[in-house]
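Enquirer: need a structure here:
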Amino acid sequence: MKHISVAIDGPSGAGKSTLARQAAAQMGYLYVDTGAIYRTVALGALRRGVEPSDAVAVEPVLSEMEIRLAYNPDDGLQHMYLDGEDVSEQIRLHEISQHASKISAIPKVREFLLELQRDLARNNDVVMDGRDIGTVVLPDAQVKIFLTASAEARAKRRFLELQQRGQQAKFDTVLRDIIIRDEQDSNRPIAPLRQAEDAVLIDTTDLSLEQSLQAILAVIREGKRV
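Expert: Residues are numbered from 1 along each chain as shown. Prediction:
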């Protein structure tokens with residue numbers, strides 16, 4: 001039996017994780033947050049005293065890291081484990097987000113994680129979100145969506161999310177970081193952020209969370225029938 005793969009790409013703060021997780025739950029698919037995987041690698045590098053943007057220093061420590069993805073039956077969420085420790089909360093810190101963008105630009109890191117991501121899709125119906133899922137990780141996915149929103153709208157959502165988690169942040173700083181990350185992700189030499197030619201574009205700037213979810217589910221259901 002061939003499994004269904006849904007690839008959702010887009011810039012930071014577009015709501016990919018929240019919407020992909022909800023869409024997966026509605027469809028009964030496995031949700032894979034690839035951004036969380038890169039965040040875990042970044043945290044692993046930092047804990048080893050390695051700057052995540054230093055490819056020469058990062059590459060040797062990759063083999064030392066034990067990275068595992070698992071689902072907690074109590075909350076139904078994807079949890080990330082680093083060297084046996086659940087680091088799901090630590091990787092959501094704002095500074096780790098910035099380091100994840102740097103480490104994801106390293107070719108060896110992407111190669112290190114590619115098979116892990118593809119193996120999940122080979123063995124499950126998945127909704128997988130990230131920056132290059134439809135273009136690089138799962139180029140043959142049956143459904144591809146490029147989810148976006150204006151930088152200002154994304155910054156506002158990210159700012160509110162950080163506040164809800166009790167993290168201190170300034171809106172101007174969050175907006176600046178999103179613009180910088182857009183630049184980094186779109187211009188990196190390896191697997192840059194871009195819309196796959198066969199991806200459906202969904203702009204959520206003026207959509208509510210529920211409207212965005214329904215738009216995604218409509219695309220998935222239509223693609224599943226094709």
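
Enquirer: show me the contacts for Glu66.
Expert: With contact set as Cβ atoms under 8 Å, 6 or more residues apart in numbering, Glu66 has these partners: 81-84. Using the backbone N, CA and C atoms, a C-beta is placed for each residue, glycine as well.

Enquirer: make JSON lines out of the residues you listed and add pLDDT.
Expert: Putting the contacts of Glu66 into JSON lines (pLDDT from 0 to 100) gives the following:
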{"residue": "Tyr81", "pLDDT": "95"}
{"residue": "Leu82", "pLDDT": "97"}
{"residue": "Asp83", "pLDDT": "96"}
{"residue": "Gly84", "pLDDT": "95"}
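
Enquirer: could I get those residues as JSON lines with secondary structure and distance to Val200?
Expert: Formatted as JSON lines, those follow (DSSP: H, G, I helix; E, B strand; the rest coil; distance: Cβ to Cβ, whole Å):
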{"residue": "Tyr81", "secondary structure": "strand", "distance to Val200": "33"}
{"residue": "Leu82", "secondary structure": "strand", "distance to Val200": "34"}
{"residue": "Asp83", "secondary structure": "coil", "distance to Val200": "39"}
{"residue": "Gly84", "secondary structure": "coil", "distance to Val200": "40"}
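
Enquirer: report the buried members of those residues.
Expert: Leu82 (16 or more other Cβ atoms under 10 Å).

Enquirer: and the contacts of Glu66, which is closest to Leu209?
Expert: Distance to Leu209 across the contacts of Glu66 (Cβ to Cβ) is lowest for Tyr81, with 28.6 Å.

Enquirer: from the contacts of Glu66, which is closest to Ser186?
Expert: Among those, and counting by Cβ to Cβ, the member closest to Ser186 is Leu82, at 28.1 Å.

Enquirer: any regions of this structure where pLDDT drops low?
Expert: Within the chain, the stretches with pLDDT under 70 are 1, 76, 224-226.

Enquirer: all helices for it, in order.
Expert: Counting by DSSP state H, the chain has helices at residues 16-27, 34-47, 55-62, 94-103, 107-123, 151-164, 171-187, 209-225.

Enquirer: make a markdown table out of these and add distance to Gly10.
Expert: A markdown table is the format used below for the helices of the chain (distance: least, Cβ to Cβ, whole Å):
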| stretch | distance to Gly10 |
| --- | --- |
| helix 16-27 | 5 |
| helix 34-47 | 11 |
| helix 55-62 | 25 |
| helix 94-103 | 14 |
| helix 107-123 | 17 |
| helix 151-164 | 9 |
| helix 171-187 | 10 |
| helix 209-225 | 11 |
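
Enquirer: for those, which one sits closest to Glu197?
Expert: Minimum separation from Glu197 across these (Cβ to Cβ) falls at helix 209-225, 14.8 Å.
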